[in-house]
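1. Attaching a predicted model along with its sequence, questions to come.
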Amino acid sequence: MADNTVVVGTTRTQGRFLAEARERLLVVDSTDGRGGRGQAWLAGELLLAALGACATSSVTHFAREEGIALDDVEATASYTRHPTDPTAYEEVLLEVTTWDVTQEQAELLVRLYTENCPVYGTTSRGGKVRLVVRAQAGRRTDDR
């Protein structure tokens with residue numbers, strides 16, 4: 001599996017899925033309304049986590065690169081469901097809080113993040129998604 005690929009498949013538990021990237025595993029659940037158990041991450045939460053992880057990772061990286069003595073950084077991400085379109089979020093809010101730097105330094109670090117993070121860039125600009133559908137004959141052979 002390529003480093004930029006995540007495979008998500010069903011398990012033998014209704015509403016539970018297993019995601020794999022770089023031989024690392026993550027359990028994902030459906031929402032309660034779709035048979036999930038509410039014990040694992042939901043898909044929308046993973047999207048928010050990707051935005052927040054890229055923000056905190058980038059801000060700390062650029063602070064080191066710019067010689068800014070950043071004490072800490074936290075990203076809080078949330079979404080608002082679109083009121084009439086079940087396939088869309090009306091808004092995704094990303095709040096980045098820094099400690100022990102000036103407002104100007106914080107804005108510089110966040111600007112460097114938004115200029116360099118493909119997760120932010122793709123999400124904020126509504127990047128293209130190409131969908132391919134494949135129907136396989138027979139049963140799956142692994143024991144998920």
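-> That came through fine. For clarity, every value in this text was computed on a predicted model and none was experimentally measured.
2. which stretches of the protein form strands?
-> 7-10, 16-21, 24-29, 72-81, 89-99 (DSSP state E).
3. Would you map out the domains in the chain?
-> Residue ranges for the domains of the chain, per automatic domain parsing: 1-41, 42-128.
4. among these, which is nearest Ala137?
-> Ala137 lies closest, by CB to CB, to one member of those: domain 1-41, at 17.0 Å. Where C-beta positions appear, they are placed from N, C-alpha and C, glycine not excepted.
5. just to revisit the earlier point, mean pLDDT added to the strands of the chain, as a markdown table?
-> Putting the strands of the chain into a markdown table (pLDDT from 0 to 100) gives the following:
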| stretch | mean pLDDT |
| --- | --- |
| strand 7-10 | 90 |
| strand 16-21 | 92 |
| strand 24-29 | 92 |
| strand 72-81 | 95 |
| strand 89-99 | 95 |
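6. and those, which is most packed in?
-> Of all those, strand 16-21 has the most neighbours on average by mean count of other CB atoms under 10 Å, namely a mean of 17.
7. For the chain, which segments count as helices?
-> Secondary structure of the chain by DSSP state H: the helices cover 43-66, 103-116, 118-124.
8. Done for today, thanks.
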